[in-house]
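S.K.: below is the structure, and that's it, no one-letter string:
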């Protein structure tokens, strides 16, 4: 295979120090900044980075003083669905809460009804559209969840649409989120949910595993959604089928979901607006990533997760979009990182590390993605700015030049 050299890079962020520190206690020095840099690539893998005169390759590409950093890794999305919930934005502006809207038949169930009516092809096209929208803001690796079916047919249909999208765009990672809400229908909600847990355990998980439709299994552990006991039952079973646990944890109330995620060896615990001190300590001492979703707090007017407490304790954090049709329809990943800086009170370096390496670690992909070091995948983004803080300083604008997949 031919080699490529990207040269005349104004500023290259390798994140070498972030890798060495496993995404913990990050400072500016960990960004591995190289001025007047180059990158040498072969077979999609980085052979070398350096400063000054670049070695000649089979193909030599002038990046014209661009700022280069790893492609962002969005480790929590709901990009495969049908329908719109723009009306809920207006309802929230009139004082309705997320839980109020859900109790009135909106929320997740509204999207479930639309998604059940959609074909696999329609869901595939919607997924591709959302991938392209994310890529415009520098996202290179994307997690995609099911969860808008809440029945056998539609959950599988969502995952099959994601599998089709993966043929066009290989850096998409599927997650089975069958336990997202209780299926709609008559009768007592608790009875319906318990019956559906049996469907997940006895039918959906075996089918998902047999067809190799997901890497992860996620559960929404929350008051009014899935209990601690149900979450344990689902995720322990998922592990038997080779799926890696994740948990929507401690979003609206403290359910000690973060500590449970650590207990289960989950890849990540996500949301964490109401994480306890016990949960913070558990995550800091573990390999479970704290995935924070600032766009959802911003959009719903909720408190922000205690990012600084998690960082100071020694946890590895990820920042992800939580793009979905209800609680956060924003795909501007650069803007979400800027919100993280201003509202979490973390540094730009910590936000970049969380949006790159932390996201990759939350998907068990940190060996290949989230940094630009020897042996990693050459998946990176270029910006037409003079220095990397400019990307977030002019928040809301998009100065992305390109995203490079080698």
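M.R.: Yep, that arrived. This one's a predicted model, so the numbers in the text were calculated from it and none came from an experiment.

S.K.: what about residue 48, how many residues nearby?
M.R.: 14 (other CB atoms under 10 Å). For glycine as for every other residue, the C-beta is placed from the backbone atoms N, C-alpha and C.

S.K.: so what's it up against?
M.R.: Residue 48 makes contact with 39, 40, 55, 374, according to CB atoms under 8 Å, 6 or more residues apart in numbering.

S.K.: what are the buried residues along the one helix or strand the first one maps to?
M.R.: In this structure, residue 39 sits in strand 33-42 according to DSSP states H and E. With burial defined by 16 or more other CB atoms under 10 Å, the residues of strand 33-42 counted as buried are 33, 34, 36, 37, 38, 39, 40, 41, 42.

S.K.: contact partners for the first one?
M.R.: The neighbours of residue 33, taking CB under 8 Å, 6+ apart as the test, are 11, 12, 13, 14, 388.

S.K.: tabulate the buried residues of strand 33-42 (a markdown table), appending pLDDT.
M.R.: Output for those, formatted as a markdown table (pLDDT from 0 to 100):
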| residue | pLDDT |
| --- | --- |
| 33 | 98 |
| 34 | 98 |
| 36 | 97 |
| 37 | 98 |
| 38 | 98 |
| 39 | 98 |
| 40 | 98 |
| 41 | 97 |
| 42 | 96 |
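
S.K.: before we move on, back to that, could you single out the nearest of the contacts of residue 33 to residue 158?
M.R.: residue 13 (34.9 Å; CB to CB).

S.K.: isn't the closest one right up against residue 72?
M.R.: No. With contacts counted by CB atoms under 8 Å, residue 13 stays clear of residue 72, the gap being 12.0 Å.

S.K.: wait, isn't residue 108 in contact with residue 102?
M.R.: Yes. Applying CB under 8 Å, one finds residue 108 in contact with residue 102, separated by 6.8 Å.

S.K.: quick check: neighbours shared by those two?
M.R.: residue 181.

S.K.: so which of these two has more stuff around it?
M.R.: Higher neighbour count among residue 108 and residue 102: residue 108, with 26 against 19, using other CB under 10 Å.

S.K.: skipping its backbone neighbours, what lies nearest that one in space?
M.R.: Of all residues not flanking residue 108 in the chain, residue 181 sits nearest, at 4.3 Å (CB to CB, 6 or more residues apart in numbering).

S.K.: now do the SS call for that neighbour.
M.R.: coil (DSSP: H, G, I helix; E, B strand; the rest coil).

S.K.: thinking again about what came up before, report the two of the contacts of residue 48 separated the most.
M.R.: Top of the distance list for the contacts of residue 48 (CB to CB): 55 and 374, 14.0 Å.

S.K.: just checking, next helix/strand downstream of the strand holding residue 39?
M.R.: That would be, after strand 33-42 and using DSSP H and E, strand 45-51.

S.K.: I'd guessed residue 145 sits against residue 81; true?
M.R.: No. Between residue 145 and residue 81 there is no contact under CB under 8 Å: 9.6 Å.

S.K.: can you pull the contacts of the residue nearest to residue 108?
M.R.: 102, 107, 108, 109, 112, 147, 150, 220, 225.

S.K.: which ones among these lie within strands?
M.R.: residue 220 (DSSP state E).

S.K.: looking at the contacts of residue 181, which are in helices?
M.R.: Members of these lying in helices (criterion: DSSP state H): 102, 108, 109, 112.

S.K.: so what's residue 194 up against?
M.R.: Going by CB under 8 Å, 6+ apart, residue 194 touches residue 230.

S.K.: that one belongs to a helix?
M.R.: Yes. Under three-state DSSP, residue 194 sits within a helix.

S.K.: give me the pLDDT for it.
M.R.: On the pLDDT scale, residue 194 is placed at 96.

S.K.: ok, now how distant is it from residue 227?
M.R.: 10 Å (CB to CB, to the nearest Å).

S.K.: for the protein, where's the lowest mean pLDDT among helices and strands?
M.R.: Ranking every helix and strand in the chain by mean pLDDT, DSSP states H and E puts helix 98-103 at the bottom, with a mean of 78.
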